[in-house]
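**Student:** Just a sequence and a predicted model for now, questions to come.
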Amino acid sequence: MKQKLFMLVCGLLSTMALLAQPLLKTHVETGDLEGILEGGDLAVYKAIPFAAPPVGELRWKAPQPAKPWQGVLKAEEVAKWPPQPERGDVSYDMMSEDCLYLSVVTPAKTVDEALPVMVFIHGGGFQTEHYGGELWQSLARRGVVTVAIEYRAGALGFLAHPELSKESPDGHSGNYGILDQIFALQWIQRNIKNFGGDPSKVTIFGESAGAMSCSILCASPLAKGLFRACISQSGAFFSSNGAVTQQQAEMMGVMFQNQLGKKSIAEMREMDAKSLTGTGVQFPACTPVFDGYVLTAELYDLYKRGEYQDVPVIIMYNSDEGSAMLESISVADFNKELGNLPALFVDRVKEIYPAENDEQALFSIRDLIRDLNFGTPANMWAKLQTETGKSPVYFAYLAQKSDRTVYAKGNRRGAAHADDILYLRGAFDNEKEKYQQEYAVSQIIQQYWVNFATNLNPNGKGLPQWPVFNPDLSQKTVMQFKNGGTSLVPVPNAKNLKLLEDFSEWVRSQRTIKP
């Protein structure tokens with residue numbers, strides 16, 4: 001009797017131990033999966049194919065379903081990088097055109113937990129980077145399922161061409177990278193429950209080109225219903241300066257073909273990926289296209305008319321974005337750069353961005369980069385959605401200065417482009433004493449983000465109250481992260497942004513072909 005009781009207790013303890021572990025084995029529509037245990041509390045699946053390899057005849061076609069596999073797929077290693085230029089830590093042997101994979105990190109112990117889901121879209125100017133750079137374990141430990149998705153980059157992801165448009169069922173070409181993102185979100189809707197996630201509680205978040213992608217997904221009719229909230233970090237596709245129509249993109253695609261010395265798309269499909277995307281390859285139109293299909297019009301106009309997914313959003317950019325782009329500049333070169341501006345704006349730009357010596361020129365050009373490429377699009381998005389939408393808009397400004405940075409060099413006055421990644425991934429957790437302010441800001445941002453994904457509101461117990469955005473400059477509704485804490489401020493750099501919004505309006509007025 002005692003032996004039977006002992007065996008029963010041991011069996012119960014073993015069952016409880018198994019239940020206490022995260023989901024290390026699960027099933028998706030194409031087969032069985034096995035992940036790895038990390039830290040005793042997370043199941044990590046590093047490479048799950050969500051689409052067929054876009055190779056051969058599938059190059060420059062919309063993503064297709066992944067094929068089922070036999071047995072158990074062990075998702076233990078991240079997939080290879082999309083083909084792109086080499087750099088110091090990324091070589092061609094690390095890349096493959098077979099790149100359409102995603103990762104899942106889950107704290108769930110059963111498939112029935114229905115946790116919120118956060119889906120990350122990486123940056124890289126639509127030309128570089130990799131989904132495996134961050135799998136967001138730090139966020140997952142706060143009670144969400146995190147997913148990071150890959151998409152085609154460079155000419156493989158964004159080549160438009162008359163031949164491609166003709167062979168496409170929808171009559172368009174050029175937005176393959178965005179279609180990959182949409183395909184991944186559709187896969188998540190069908191499969192994320194098997195990781196303990198709730199497909200009705202998906203929040204997309206991205207940085208730089210990934211943030212621009214988030215704004216595009218909010219505006220694209222093809223992504224409707226695939227997520228319920230959005231977080232944009234240093235990127236929004238509202239700039240009028242780089243808007244490319246289908247017609248313009250196809251012309252640039254033909255130019256690229258001629259540059260490569262090829263006679264047809266068939267010949268280009270026979271080329272190796274390195275020759276299309278590698279170091280030194282000059283692809284002139286590496287940007288999402290206003291094609292009338294993925295993007296039906298310029299985002300500014302869509303938001304002005306209220307034609308977008310009206311979901312809650314957090315929009316953030318950084319105080320020293322430009323320090324990641326430029327380490328030095330002379331007064332002469334600064335003035336030369338201003339020579340590219342329309343004459344009616346030069347004096348106003350010089351007044352706001354003075355350059356009486358080289359150091360001042362450097363700080364001014366960095367601020368101009370910040371305001372033109374990040375601040376103005378972010379502010380446009382926040383104002384337009386506040387004007388025409390019903391869902392809450394939260395606006396943030398990361399101004400925490402640190403010795404640590406992702407890309408920036410030289411004298412910095414705040415947070416550089418991509419430095420927000422450090423705060424979200426818990427980069428200061430192991431050096432709390434050395435980086436006390438950064439660690440404190442990191443904890444606050446992460447909890448705001450997870451609260452937002454969970455409740456569609458960043459506010460929660462123990463956090464400073466964050467109000468909904470109000471563009472009125474007399475109102476302090478922008479959450480600033482600085483000096484180890486938070487403060488509410490009016491719209492930052494408002495005078496600068498007004499000038500650049502006037503410039504954007506002028507650019508739109510000069511177009512003969514409107515996106």
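**Tutor:** Cool, got the structure.

**Student:** those strands in the stretch 351-500 of the chain, which residues are they?
**Tutor:** Residue ranges of the strands in the stretch 351-500 of the chain, as given by DSSP state E, counting those that start in this stretch, are 393-398, 478-482, 485-489.

**Student:** same check, this time on the stretch 51-200 of the chain
**Tutor:** 72-74, 101-106, 115-121, 145-149, 197-207.

**Student:** could those be laid out in JSON lines, adding mean pLDDT and mean neighbour count?
**Tutor:** Every C-beta, even on glycine, is put in place using the N, C-alpha and C of the backbone. Shown next, in JSON lines, are those (pLDDT from 0 to 100; neighbours: other C-beta atoms under 10 Å):
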{"stretch": "strand 72-74", "mean pLDDT": "98", "mean neighbour count": "14"}
{"stretch": "strand 101-106", "mean pLDDT": "98", "mean neighbour count": "27"}
{"stretch": "strand 115-121", "mean pLDDT": "98", "mean neighbour count": "27"}
{"stretch": "strand 145-149", "mean pLDDT": "98", "mean neighbour count": "29"}
{"stretch": "strand 197-207", "mean pLDDT": "98", "mean neighbour count": "23"}
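
**Student:** Export those strands to TSV and append columns for distance to residue 471.
**Tutor:** Listed next are the strands of the stretch 51-200 of the chain as TSV, based on distance: least, C-beta to C-beta, whole Å:
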stretch	distance to residue 471
strand 72-74	49
strand 101-106	36
strand 115-121	27
strand 145-149	32
strand 197-207	23
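
**Student:** Tell me which of these lies nearest to residue 302.
**Tutor:** Nearest to residue 302, of all the strands of the stretch 51-200 of the chain, is strand 197-207, at 17.4 Å by C-beta to C-beta.

**Student:** Does anything pack onto the helix or strand just after that closest one? Which helices or strands?
**Tutor:** Using DSSP states H and E, the helix or strand that follows strand 197-207 towards the C-terminus is helix 209-219. Applying 3 or more C-beta pairs under 8 Å, 6 or more residues apart in numbering; DSSP states H and E, one finds that helix 209-219 makes contact with strand 115-121, helix 176-191, strand 197-207, strand 229-233, helix 299-305.

**Student:** please redo it, this time with the cut-off set to 6 Å
**Tutor:** Packing partners of helix 209-219 (3 or more C-beta pairs under 6 Å, 6 or more residues apart in numbering; DSSP states H and E): strand 197-207, strand 229-233.

**Student:** closest one to residue 122 among the ones you listed?
**Tutor:** strand 197-207 (7.0 Å).

**Student:** For that closest one, give me every contacting residue.
**Tutor:** The contact list for strand 197-207 (C-beta atoms under 6 Å, 6 or more residues apart in numbering) reads 114-121, 123, 145, 189, 192, 213-214, 227, 229-231, 233-234, 453.

**Student:** Over to stretch 418-425?
**Tutor:** For stretch 418-425, the surrounding residues in contact (C-beta under 6 Å, 6+ apart) are 134, 138, 233, 398, 405, 406, 407, 441, 442, 445.

**Student:** gap between the residue nearest to the spatial centre of the chain and residue 149?
**Tutor:** Nearest residue to the geometric centre of the chain (C-alpha atoms, centre = their mean): residue 210, 1.9 Å. To residue 149, residue 210 is 9 Å away according to C-beta to C-beta, to the nearest Å.

**Student:** Nearest residue to residue 485 in space, ignoring adjacent ones along the chain?
**Tutor:** Distance criterion C-beta to C-beta, 6 or more residues apart in numbering; nearest residue to residue 485, sequence neighbours excluded, is residue 440 at 6.6 Å.

**Student:** Assess the claim that that neighbour and residue 486 are in contact.
**Tutor:** No. The criterion here is C-beta atoms under 6 Å, and residue 440 misses it with residue 486 at 9.6 Å.

**Student:** how much space between residue 190 and residue 144?
**Tutor:** Taken as C-beta to C-beta, the span from residue 190 to residue 144 is 19 Å.

**Student:** if you count what's nearby, which of these two comes out ahead?
**Tutor:** In this view residue 190 and residue 144 are compared by other C-beta atoms under 10 Å, and residue 144 has more residues nearby, 25 against 12.

**Student:** so what's the more buried one up against?
**Tutor:** Residues near residue 144 by C-beta under 6 Å, 6+ apart: 115, 116, 118, 450, 453.
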